[in-house]
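Peer 1: Sequence and predicted structure, then a few things I'm wondering about:
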Amino acid sequence: MDKLIIEGGRPLKGEVRISGSKNATLPVLAATLLTDETCVIANVPKLMDTNTMVRLLKSLGKVVDWDKDKLIIMSNGKMNPVADYKLVSTMRGSICVLGPLLAKLGEAKVSMPGGCVIGVRPVDLHQKGVEALGAKVAFDGGYIVAQAKRLKGARVYLAGASGPSVLGTANVMMAATLADGETIIECAACEPEVEELANFLNAMGARIRGQGSPRIIIHGVKKLHGADYRMSSDRIEAGTFVLLAAMARSNFVIRDIDYSQLTALDDVMHNVGVTVQAEKNLVKVKSPKVLKPFSITTYPYPGFPTDLQAQYIALMSLTNGVSVIRDTVFPDRFMHIAELNRMGARIRREGGSAIVEGVKSLCGAPVVASDLRASAALVMAGLVASGKTEIRRVYHLDRGYENIDRKLTGLGASIKREKE
Ligand code: UD1
């Protein structure tokens with residue numbers, strides 16, 4: 001296992017390029033299971049999670065080759081409907097092979113992803129969605145087993161207690177592409193990753209409209225064909241760099257960013273006193289001497305993303321007042337609080353909220369990364385803290401941030417990787 005060692009306080013300057021979107025890539029790769037023809041996906045980030053998805057696709061009957069930032073995905077002629085526990089347990093995103101396997105093969109046996117440190121991760125909405133299309137679903141030995149001779153279009157309401165489900169919407173939308181007749185998903189997730197998946201499916205010959213809105217309408221077709229597609233940039237990585245620039249009071253350039261996907265963050269930045277100048281596909285961030293505290297609540301898109309909550313708490317730890325950060329999407333996602341407090345932050349948890357009392361500065365400390373976005377928050381804190389920060393279990397970071405040490409070194413940070 002690797003750890004990162006950061007000497008904080010170095011000025012950050014220059015330019016950083018945002019990679020392809022991890023959360024959009026995973027369901028797009030799963031969607032290639034819907035065809036026997038070749039698909040070529042470009043701008044794929046080289047991450048632990050995309051590699052896990054590649055291994056999963058191979059185990060399900062695909063031949064997959066990398067060509068620089070492209071993945072070429074072909075059929076090996078024989079598909080397997082079982083997504084094994086060993087692969088699924090390392091990455092919750094694997095659940096999105098359920099819909100494509102079911103639609104293509106009439107059966108799918110996908111290991112239940114289980115919980116994770118960000119909270120309980122149920123699959124009831126995935127189940128409800130495919131059942132509405134006529135599948136029989138059972139749970140057996142830790143697997144969700146779905147079967148249907150032929151899926152049939154239906155109207156399905158797909159929100160749970162915490163709102164819509166991103167991968168639940170993705171699964172039902174993918175299953176519905178090959179169903180008989182029309183499917184209407186009400187209260188669908190509006191995340192750009194769902195929109196991107198629908199665009200890719202349409203490039204494969206699907207007939208989907210309404211993507212990006214809470215009502216998605218899918219006309220089933222007989223067959224999907226291969227397609228070439230380029231992934232858009234990662235809005236969460238982009239948001240993380242915006243928050244880092246604000247926290248480090250640096251005005252480095254962030255390139256290949258689609259800032260239109262970060263309206264909620266932009267609004268919050270304005271309230272904190274930070275100016276973000278956006279033009280075409282790049283932004284520059286300008287921070288005031290003193291950051292203002294500003295309370296937020298995370299919501300499904302277009303609300304403030306839960307995937308930026310930890311990084312925002314890191315930023316709020318350096319304001320001149322108190323802010324309250326509430327997570328309605330994953331109310332237990334607060335493992336980073338204790339670690340940030342080890343660096344001198346003053347944060348306490350109350351139910352699904354973090355109460356952050358701003359401090360003047362943070363100091364380096366040995367800390368442990370608990371999950372992907374929490375790791376990013378610790379890296380941000382380490383970069384602005386005085387002295388040395390050692391972040392253990394950094395593999396979480398490698399799941400979702402491509403070449404993060406190289407990108408930060410390029411900005412002038414002192415960061416090195418060592419074996420634990
Ligand atoms: C995706 C993202 C993840 C992000 C999350 C919310 C990927 C690979 N992951 O995860 O980074 O944090 O969206 O934006 O794209 N829920 C149910 N029943 C279900 C499914 C979900 O109640 O069947 C609940 C969850 O517990 C959570 C909420 O719905 O409270 C949203 O979760 P969901 O959108 O499904 O997250 P993922 O799609 O797994």
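Peer 2: That came through, no problem.

Peer 1: Does anything pack onto the host helix or strand of residue 128? Which helices or strands?
Peer 2: Taking DSSP states H and E as the definition, one finds residue 128 inside helix 124-132. Helices and strands touching helix 124-132, by 3 or more Cβ pairs under 8 Å, 6 or more residues apart in numbering; DSSP states H and E, are helix 98-105, strand 136-140, strand 143-147, strand 155-157, strand 159-160, helix 166-177. Any C-beta I mention is one placed from the backbone N, CA and C, and that applies to glycine too.

Peer 1: Just the buried positions in stretch 306-319, please.
Peer 2: For stretch 306-319, the neighbour count (16 or more other Cβ atoms under 10 Å) marks 306-319 as buried.

Peer 1: whoops, stretch 85-100 was the one
Peer 2: Along stretch 85-100, these residues count as buried under the neighbour rule (16+ other Cβ under 10 Å): 85, 87-88, 90-100.

Peer 1: Ok, stretch 344-358 next?
Peer 2: So, applying 16+ other Cβ under 10 Å, buried residues of stretch 344-358: 344-345, 347, 352-356, 358.

Peer 1: Between those residues, which sits nearest the ligand?
Peer 2: Checking the buried residues of stretch 344-358 against the ligand by Cβ to the nearest ligand atom gives residue 352 as the nearest, at 10.5 Å.

Peer 1: Contact partners for the closest one?
Peer 2: For residue 352, the contacting residues are 326-328, 331-332, by Cβ atoms under 8 Å, 6 or more residues apart in numbering.

Peer 1: Also near the ligand: which of the buried residues of stretch 306-319, exactly?
Peer 2: With Cβ under 6 Å from any ligand atom as the criterion, the subset of the buried residues of stretch 306-319 in contact with the ligand comprises 306-307.

Peer 1: pLDDT at residue 115, what is it?
Peer 2: Per-residue pLDDT puts residue 115 at 52.

Peer 1: what do you get for the one 5 residues further on?
Peer 2: For residue 120, the model assigns a pLDDT of 72.

Peer 1: so what's it closest to, chain neighbours aside?
Peer 2: With sequence-adjacent residues excluded and distances taken as Cβ to Cβ, 6 or more residues apart in numbering, residue 120 is closest to residue 332, at 7.6 Å.

Peer 1: what's around that neighbour, how many residues?
Peer 2: Around residue 332 sit 14 other residues, with neighbours defined as other Cβ atoms under 10 Å.

Peer 1: what helix or strand is it on?
Peer 2: Assigned by DSSP H and E, residue 332 belongs to neither a helix nor a strand.

Peer 1: doesn't residue 118 make contact with it?
Peer 2: Yes - taking contact to mean Cβ atoms under 8 Å, the distance of 6.7 Å between residue 332 and residue 118 places them in contact.

Peer 1: quick one: low-confidence parts of this protein?
Peer 2: 114-117 (pLDDT under 70).

Peer 1: how about a cut-off of 80?
Peer 2: Per-residue confidence of the chain (counting by pLDDT under 80) places the weak regions at 113-121.

Peer 1: if I look at residue 319, how far off is residue 387?
Peer 2: Residue 319 sits at a distance of 21 Å from residue 387 (criterion: Cβ to Cβ, to the nearest Å).

Peer 1: what do you get for residue 374?
Peer 2: Counting by Cβ to Cβ, the gap between residue 374 and residue 387 amounts to 21 Å.

Peer 1: Next: residue 235.
Peer 2: Between residue 235 and residue 387 the distance is 32 Å, computed by Cβ to Cβ.

Peer 1: out of these two, which sits in the busier spot?
Peer 2: Neighbour comparison, residue 235 and residue 387: the larger count goes to residue 235, with 26 against 14 (by other Cβ under 10 Å).

Peer 1: Show me which positions of stretch 112-132 end up buried.
Peer 2: Applying a neighbour-count criterion of 16+ other Cβ under 10 Å, the buried positions in stretch 112-132 are 112-113, 116, 118-119, 122-123, 125-130, 132.

Peer 1: Kindly export stretch 89-106 (C-alpha atoms) in CSV.
Peer 2: The C-alpha atoms that make up stretch 89-106 are tabulated as CSV, following Å, rounded to 0.1, in the frame of the first residue of the first chain:
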residue,chain,number,x,y,z
SER,A,89,-16.8,-5.8,-3.8
THR,A,90,-13.9,-3.5,-4.6
MET,A,91,-16.1,-1.0,-6.5
ARG,A,92,-19.7,-0.2,-6.0
GLY,A,93,-20.0,1.2,-9.5
SER,A,94,-20.0,-2.4,-10.8
ILE,A,95,-23.7,-2.7,-10.0
CYS,A,96,-24.4,-1.0,-13.3
VAL,A,97,-23.7,-4.2,-15.3
LEU,A,98,-27.0,-5.5,-14.0
GLY,A,99,-29.2,-3.7,-16.5
PRO,A,100,-27.1,-4.5,-19.6
LEU,A,101,-26.6,-8.2,-18.7
LEU,A,102,-30.3,-8.6,-18.1
ALA,A,103,-31.3,-6.9,-21.3
LYS,A,104,-28.8,-8.7,-23.5
LEU,A,105,-28.8,-12.2,-22.0
GLY,A,106,-32.2,-12.4,-20.2
